[in-house]
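1. Give me a model of this one.
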Amino acid sequence: MKHRTSIWAVALIAMLAMSVAAGVAACGSSSSSSGSSGSSSVKEIKIGTLYPVSGDLAKLGDQCISGVKMAVDEINAAGGIKSMGGAKLVLVEADSQGKPDVGISEITRLCQQDNVTAILGTYQSSVALPATQTAERFQTPMLITTAVADAITQKGYKYIFRICDLASWYARDQINFCKAMESMGGPAVKTVALLHEDTDFGQSTSAGQLKYAADAGIKVVANVAYAASSADLTTQVSKVKASNPDVVLTTTYLNDSILIAQEAKTLGMKQLFFDAAGGTVDPQFIKTLGDTAENWLTEIEFSTDANQTSIDLNTAYKALYGDNMTGNGMDGYQGVYVLAKALEDAATTDKAKLRDAMANVKLVAGVDRVVIPTKEITFTADGEITDAPLYVVQIQKGVFQTLFPLPAPGKLIVP
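-> You can find the predicted model right below:
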C-alpha cells in the first residue's frame, strides 16, 4: 500500500533525521574494507524485507514495513552509513503471503538473486522458523523484528538475531507488574488466577505465568482453560471468581476477551483483569464493550504516550501514514536502526563481518536511536535481545493509559 506524504510529514522526517544524524554518524569507524565491500566503492546497501504484505495478514505486514521504511528514510536523509562514505540503504521487499513455504522461497531469492546484505522480518513465528534456517544456510544476517516463538533463537544459528519479545516474556512482565502493583496504590498481589484459551498461545503463556508466579512467590489459585471458539464462558469465569484471586491473568483472542469481560461484570467481580496482549489490544475490544472495558490491563510493545521519544515518534508516523504506530511498526523501525549501527561498526557489506558486528552491537538510549523501553540494546550469545520490557497499559476513559515500566505517565485505577 502506498501512502502520500504531506508537507508536515516531510518536515517531521527532516527534524527526526537531524536529531538522529549524530547518533548514526558516530556508529562506526571511518576505515574502509578491501574489495567491492569497501566503503569507497559502496553507494547502496541492499536490505531485504520479508513480511506478509498480501493475504489475510496484509494489514499487519504493512505496519511492519511502514516502520522499516520510515527509519530507512530518516537514516538516508541523515547522510546514510557514514563509515561507507554515506552509502544509502535500499529496500528489496519480499512477500511471505503468510505462508512458510513462500517465506523459504523468498529468502532464497533475496539471497541468491538480489544479493541483499541483510534481511528484516517476518511477523509470524511459523514463517520465521523456516526462513531463519534458510538465511542461516546462505550465511546472510537476518534480524527478526516481529515473531515471538522462543524457539526461533534456540537453534544455535550464528546469523540470526531478534529484537522483539519472546512469548514467555509476556508472562514475565505480567508478573513483574503484579509485584510492583502495591507500590502504585493497587493490591498486594499474593494470589492470581489464570484464565486462558487452549491453543499454543494460551498454553505457552500460562506455562510462563506459572513459572514466573512461582519465582515471585505468588500463588496460582486457579488455572482455567477454554476453547477460543467458545460461545459462552460463564462456567469458566465462575470458577475463577470462586478462587477469589487478587488479580486475574488472562490470555485471549478478541471474541473470548469480550465474553470474559461481560461475564465478569455480570458476576460482579471487582478484581483487576490483566491480559497478555491478546484480544484486549484490538480496537474492537473497547468499541464493543464501552464502559465494561474500563480498568482492564493489558500489555503492548509500543506506547504512544510513555515518554517524549514515543510521543514524537508516533506524531511523525501518524503524519506519514494517518494512524498511530503499533508495536509491529515500532519493531520494524527499531530494527533498521540496529542494523544501521552494525553496518557503521562493520564499515563493510561483507556478510561475515556484518554478522560479527551484529553480535557485538550496542545502542545506548540517549545517544543512539533507542525507542524500545530499555537503557541499551545488545544481543546475547544466541542472538536474542538482552532486554525488551513490555509496556503495561490500563483502559481509562476508553483509551490506553501507560502505567509501566516505571516511571510512567499514568496512575493505576483500582475498581
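
2. how far does stretch 84-104 stretch from start to finish?
-> In stretch 84-104, first residue to last residue: 31 Å (C-alpha to C-alpha, to the nearest Å).

3. can you pull the contacts of residue 201?
-> By C-beta atoms under 8 Å, 6 or more residues apart in numbering, the contact set of residue 201 is 167, 251, 253, 278. Glycine gets a C-beta too; all of them are placed from N, C-alpha and C.

4. need those in JSON lines with secondary structure and neighbour count, can you?
-> Putting the contacts of residue 201 into JSON lines (DSSP: H, G, I helix; E, B strand; the rest coil; neighbours: other C-beta atoms under 10 Å) gives the following:
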{"residue": "167", "secondary structure": "helix", "neighbour count": "20"}
{"residue": "251", "secondary structure": "strand", "neighbour count": "30"}
{"residue": "253", "secondary structure": "coil", "neighbour count": "17"}
{"residue": "278", "secondary structure": "coil", "neighbour count": "24"}
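
5. now for these, which pair is the farthest apart?
-> Considering C-beta to C-beta, no two members of these lie farther apart than 167 and 253, which are separated by 14.9 Å.

6. any idea which of the contacts of residue 201 is the one closest to residue 158?
-> Residue 158 lies nearest to residue 167 out of the contacts of residue 201, by C-beta to C-beta, at 22.9 Å.

7. Can you mark which positions in stretch 218-226 are buried?
-> Of the residues in stretch 218-226, those with enough neighbours to count as buried (16 or more other C-beta atoms under 10 Å) are 218, 220, 221, 222, 223, 224, 226.

8. Show me those residues that map onto strands.
-> For these, the ones inside strands are 220, 221, 222, 223, 224, 226, with DSSP state E as the criterion.

9. Give me the pLDDT for the fourth one.
-> What the model reports as pLDDT for residue 223 is 98.

10. Hmm, it is touching residue 194, no?
-> Yes: taking C-beta atoms under 8 Å as the contact criterion, residue 223 and residue 194 are neighbours in contact, 4.6 Å apart.

11. which residues are common contacts for those two?
-> Residues touching both residue 223 and residue 194 (C-beta under 8 Å, 6+ apart): 206, 210.

12. wait, doesn't residue 165 sit right on residue 147?
-> No: contact status for residue 165 versus residue 147: not in contact, 10.3 Å apart, counting by C-beta under 8 Å.

13. Contact partners for residue 167?
-> Applying C-beta under 8 Å, 6+ apart, one finds that residue 167 lies in contact with 148, 149, 150, 201, 204, 205, 208.

14. Let's see that with 10 Å instead.
-> Counting by C-beta atoms under 10 Å, 6 or more residues apart in numbering, residue 167 touches 125, 147-152, 200-201, 204-205, 207-208, 276.

15. Which of those residues are buried? Put it as a ChimeraX command.
-> The command below creates a ChimeraX selection of those among the contacts of residue 167 that count as buried (16+ other C-beta under 10 Å):
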select :125,147,148,149,152,201,204,205,208,276
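
16. which one of the contacts of residue 167 is nearest residue 268?
-> Each of these was scored against residue 268 by C-beta to C-beta, and residue 276 proved nearest at 24.3 Å.

17. mind listing what that closest one touches?
-> Counting by C-beta under 10 Å, 6+ apart, residue 276 touches 167, 170-171, 173-174, 196, 201-202, 205-206, 208-209, 249-252, 298-299, 390.

18. Kindly report the same for residue 396.
-> Counting by C-beta under 10 Å, 6+ apart, residue 396 touches 294, 295, 296, 403, 410, 411, 412, 413.

19. how about a cut-off of 7 Å?
-> residue 413 (C-beta atoms under 7 Å, 6 or more residues apart in numbering).

20. separation between it and residue 403?
-> Shown here: residue 396 relative to residue 403, a distance of 9 Å by C-beta to C-beta, to the nearest Å.

21. what's the answer for residue 299, then?
-> Distance from residue 299 to residue 403, counting by C-beta to C-beta: 11 Å.

22. and for the two, which residues touch both?
-> The overlap between the contact sets of residue 299 and residue 403 (C-beta under 7 Å, 6+ apart) consists of residue 392.

23. picking that back up, save the ones in strands among the buried residues of stretch 218-226 as a markdown table, and put in distance to residue 140 too.
-> Rendered in a markdown table, the data for those read as follows (distance: C-beta to C-beta, whole Å):
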| residue | distance to residue 140 |
| --- | --- |
| 220 | 43 |
| 221 | 49 |
| 222 | 47 |
| 223 | 42 |
| 224 | 45 |
| 226 | 42 |
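
24. Could you list the low-confidence segments of the chain?
-> Judged against pLDDT under 70, the low-scoring parts of the chain cover residues 1-40.

25. Where do the domain boundaries of it fall?
-> Structural domains annotated on the chain: 7-165+307-384, 168-300+392-404, as defined by automatic domain parsing.

26. which outside residues touch the helix or strand hosting residue 131?
-> Taking DSSP states H and E as the definition, one finds residue 131 inside helix 125-137. Contacts to helix 125-137, defined as C-beta under 7 Å, 6+ apart, come from residues 50, 96, 100, 103-104, 107-108, 111, 119, 121-122, 142, 144, 147-149, 151-152, 157, 159-160.

27. Helices of the stretch 251-400 of the chain, start to end?
-> Using DSSP state H, counting those that start in this stretch, the helices found in the stretch 251-400 of the chain span residues 254-266, 283-289, 308-321, 327-346, 351-359.

28. Quickly compare the ones you listed and say which is most buried.
-> Of all the helices of the stretch 251-400 of the chain, helix 327-346 has the most neighbours on average by mean count of other C-beta atoms under 10 Å, namely a mean of 27.

29. I appreciate the help and will end here.
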